[in-house]
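K.L.:
coords please:
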Amino acid sequence: MTYLTIQTGRHRPSVRASLPGARAQALRRLEREHVALLLAISELEAGARGAESPELRAALLPLLRHDLARTQYALQRAAAGQYGVCDRCGRAIAAGKLELNPATTRCPACSHIRRGPSAD
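P.N.:
Presented below is the predicted three-dimensional model:
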């Protein structure tokens, strides 16, 4: 199940189909990371893992929620047909950068410009 299915109740394979191979692979990885983050947060909130101390859970949850927000934003951009396009300058993000960080929404030239806590 993809983020698009989770959020909208319908599957949009055309988003991935319209992307070149490397970008489509990065998007698939992003979708898997999104689901893994949702599960990890849910387990930590429920205390289901058991081995983590309350202090560790308190430290991990904000980090996981931050990563989740970044993946959600990137997936929303994908649903809008903007995956792999810099959200600042509109240039294409190199496939290599997407491979390293599928949630990135900035090209290398713009990634140094801060935008708040979710900056790449």
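K.L.:
quick check: pLDDT value at Gly81.
P.N.:
Gly81 carries a pLDDT score of 89 in this model.
K.L.:
same thing with Ser118?
P.N.:
49.
K.L.:
what about Leu37, neighbour count?
P.N.:
By the criterion of other C-beta atoms under 10 Å, Leu37 has 19 neighbours. Backbone N, C-alpha and C define where each C-beta goes, glycine included.
K.L.:
surely Leu63 is within a helix?
P.N.:
Yes: counting by DSSP: H, G, I helix; E, B strand; the rest coil, Leu63 falls inside a helix.
K.L.:
starting from Ala69, give me the distance back to Leu75.
P.N.:
Distance of Leu75 to Ala69, computed by C-beta to C-beta, to the nearest Å: 11 Å.
K.L.:
the two: who's more crowded?
P.N.:
Neighbour count, other C-beta under 10 Å: between Leu75 and Ala69, Leu75 has more, with 24 against 14.
K.L.:
the more buried one reaches Leu30, doesn't it?
P.N.:
Yes: assessed by C-beta atoms under 8 Å, Leu75 is found in contact with Leu30 at 6.5 Å.
K.L.:
circling back: need the overlap of contacts for Leu75 and Ala69.
P.N.:
Overlap of the contact sets of Leu75 and Ala69 (by C-beta atoms under 8 Å, 6 or more residues apart in numbering) is empty.
K.L.:
element containing the residue most central in space within the chain, please.
P.N.:
Taking C-alpha atoms, centre = their mean, the centroid of the chain lies closest to Thr71, which sits 1.8 Å from it. Secondary structure from DSSP states H and E places Thr71 in helix 54-79.
K.L.:
for the residue nearest to the centre of the chain, which non-adjacent residue is closest in space?
P.N.:
His34 (4.3 Å; C-beta to C-beta, 6 or more residues apart in numbering).
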